[in-house]
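K.L.:
Sequence and predicted model, in that order:
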Amino acid sequence: MPESLSWFCKGNCPLYLAPMAGFTDIAFRELCKAQGADVMVTEFVQSEPLIREVARTWRTIDFTEAQRPMGVQIFGATPDSMARAAQLIAERLRPDFIDINFGCPAHNVVEQNAGSGLLRCPALLADVAGAVVRAVPEVPVTAKMRLGWDAESIVAADVARRLEDGGVRAIAVHGRTKAQGYSGEADWEEIAKVVASVQVPVIGNGDIRSGEMAVRRRRESGVAGLMIGRGALGNPWLFAETKAWLRGEEISFAPTAEERWETLLAYARILMADQEREAYRRESADVRWMLSKLHPFTKDLPGSRKLRAQLSHCHSLEEVERLVALCRGSVDTQDAGEG
Ligand SMILES: Cc1cc2nc3c(=O)[nH]c(=O)nc-3n(C[C@H](O)[C@H](O)[C@H](O)COP(=O)(O)O)c2cc1C
């Protein structure tokens, strides 16, 4: 295995930041990388707008050199459009891998027979993956999928074997069906069955919220790597904690309130700087577009209720900074413990 692919290998248990549309932007990935996330994947983009040169779609999959190893995730329903999109990405961005989304449960994706919609037709799914693999022989292709369409049609092990036969190099499995959405619990026993079915590394995903849980899930399932999504929202420190647990250090990485405030502000500033650099949404300095991204960082903060209520009234970065200063100041005297 070439050195550049060592992050796929069994043994070292790479930690992936799960792609999350609207949240895992360049700025957030920077925070997670600083806390030990090993592998990053862009949020998903559809193949057709990439081919049509829609600038906004191309911006979504931008990444920095420091974020490598970096994958670009695409979704689509036809082998041809997926192959063409993969070629364009490979030529222009030279990502470390291209990841295919077979997991998205959103109605508008599934109704096009893309994302988890393809889990209903494993043969077509395999055709899509095979076309992408052949289109970019120089770039490893990976896939991310759910267990199946619903509890009566768990196809993950069968699909994983087809993907492996088609040349896919690693497979991330979110242990839920499409029908579950985000309800119930991720089923790591089913993930373990996928591990037992293929030789390629399987990356386990679903509901990892602590270092302790990560180590337990890894032990139970035998996965080669772990992927963390919602647990890292507002809590990039989860990567540092998980790394520590994987090294055998059973410690919790609860940041101080001060670190949380600082990180929230740092994140807002990086988002703003990225926006200015890209000259996108340049027409105003309004920050309302980023408020939903900041929200997860307020959880568990003393004074967070006040902050959340008032954040929605902020229009500029200066207003966010003033509000944070105000909340920080009032915490010591008034509402410590409020969450
Ligand atoms: C807001 C949000 C956006 C998501 N966007 C994507 C996406 O673009 N591509 C993808 O493969 N999965 C996406 N997912 C699914 C996550 O990558 C992950 O599989 C899921 O959240 C389960 O992992 P977790 O329990 O660690 O969050 C998204 C999830 C959320 C909550």
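P.N.:
Yep, that arrived. Small disclaimer: the values here were computed from a predicted structure and weren't measured.

K.L.:
I'd say K243 and L15 touch.
P.N.:
Yes - the criterion here is CB atoms under 8 Å, and K243 meets it with L15 at 6.8 Å. Every C-beta, even on glycine, is put in place using the N, C-alpha and C of the backbone.

K.L.:
out of the two, which sits in the more crowded spot?
P.N.:
Between K243 and L15, counted using other CB atoms under 10 Å, the more crowded position is L15 (26 against 19).

K.L.:
can I assume that one is in contact with A240?
P.N.:
No - using CB under 8 Å, L15 makes no contact with A240, being 9.9 Å away.

K.L.:
okay, now whatever residue of the chain ends up closest to the ligand: neighbour count?
P.N.:
Going by CB to the nearest ligand atom, the ligand is nearest to G229 of the chain, at 2.7 Å. G229 has 19 neighbouring residues, counting by other CB under 10 Å.

K.L.:
Could you show which parts of the stretch 201-339 of the chain are in contact with the ligand?
P.N.:
Contacts of the stretch 201-339 of the chain with the ligand, taken as CB under 6 Å from any ligand atom, map to 205-208, 228-231.

K.L.:
Narrow those residues to those in strands?
P.N.:
Using DSSP state E, the members of these that fall in strands are 205, 228.

K.L.:
between the residues of the stretch 201-339 of the chain next to the ligand, which is closest to P296?
P.N.:
R230 (8.6 Å; CB to CB).

K.L.:
Which parts of the stretch 201-339 of the chain are strands?
P.N.:
Ranges of strands within the stretch 201-339 of the chain are 202-205, 225-228, based on DSSP state E, counting those that start in this stretch.

K.L.:
do the stretch 1-150 of the chain as well
P.N.:
Using DSSP E, counting those that start in this stretch, strands in the stretch 1-150 of the chain cover 15-17, 39-41, 45-46, 70-75, 97-102, 141-146.

K.L.:
Make TSV out of these and add distance to the ligand.
P.N.:
Formatted as TSV, those follow (distance: least, CB to the nearest ligand atom, whole Å):
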stretch	distance to the ligand
strand 15-17	9
strand 39-41	7
strand 45-46	8
strand 70-75	6
strand 97-102	5
strand 141-146	5
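
K.L.:
Ok, which of those comes nearest D62?
P.N.:
Of the strands of the stretch 1-150 of the chain, the one closest to D62 (CB to CB) turns out to be strand 70-75, at 9.6 Å.

K.L.:
pLDDT on stretch 300-318, on average?
P.N.:
The average pLDDT within stretch 300-318 is 85.

K.L.:
Tell me the buried residues in that stretch?
P.N.:
Buried residues in stretch 300-318, counted by 16 or more other CB atoms under 10 Å: 301-304, 306-308, 311, 314, 317.

K.L.:
do stretch 127-136 as well
P.N.:
Neighbour counts using 16+ other CB under 10 Å place 127-133, 135-136 of stretch 127-136 among the buried residues.

K.L.:
And stretch 264-281, by the same measure?
P.N.:
For stretch 264-281, a neighbour-count test (16+ other CB under 10 Å) marks 264-265, 267-268, 270-272, 274-275 as buried.

K.L.:
about what we covered before: can you redo the buried residues of stretch 127-136 as CSV with pLDDT and distance to K293?
P.N.:
Shown next, in CSV, are the buried residues of stretch 127-136 (pLDDT from 0 to 100; distance: CB to CB, whole Å):
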residue, pLDDT, distance to K293
D127, 98, 36
V128, 98, 31
A129, 98, 31
G130, 98, 36
A131, 98, 34
V132, 98, 30
V133, 98, 34
A135, 98, 33
V136, 98, 31
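
K.L.:
Out of these, list just those in helices.
P.N.:
The helices, defined by DSSP state H, take in 127-133, 135 from those.

K.L.:
of those, closest to M40?
P.N.:
Nearest member of those to M40, counting by CB to CB, is V132, at 19.4 Å.

K.L.:
Verify the contact between that closest one and M82 for me.
P.N.:
Yes - with contact defined as CB under 8 Å, V132 and M82 form a contacting pair (5.2 Å).

K.L.:
Find the residue closest to the residue of the chain closest to the ligand in space, skipping its chain neighbours.
P.N.:
Nearest residue to G229, sequence neighbours excluded (CB to CB, 6 or more residues apart in numbering): A18, at 3.3 Å.

K.L.:
wait, doesn't that neighbour sit right on T24?
P.N.:
Yes - shown here, A18 and T24 form a contact pair, counting by CB under 8 Å, at 7.4 Å.

K.L.:
who's more crowded, these two?
P.N.:
More neighbours surround A18 than the other of A18 and T24, with 26 against 22 (other CB under 10 Å).

K.L.:
need the contact list for the more buried one.
P.N.:
By CB atoms under 8 Å, 6 or more residues apart in numbering, the contact set of A18 is 24, 41, 172, 174, 205, 227-230, 232.

K.L.:
Phi first, then psi, for A21.
P.N.:
Backbone torsions of A21, given as degrees, to the nearest 10, read phi -60, psi 130.
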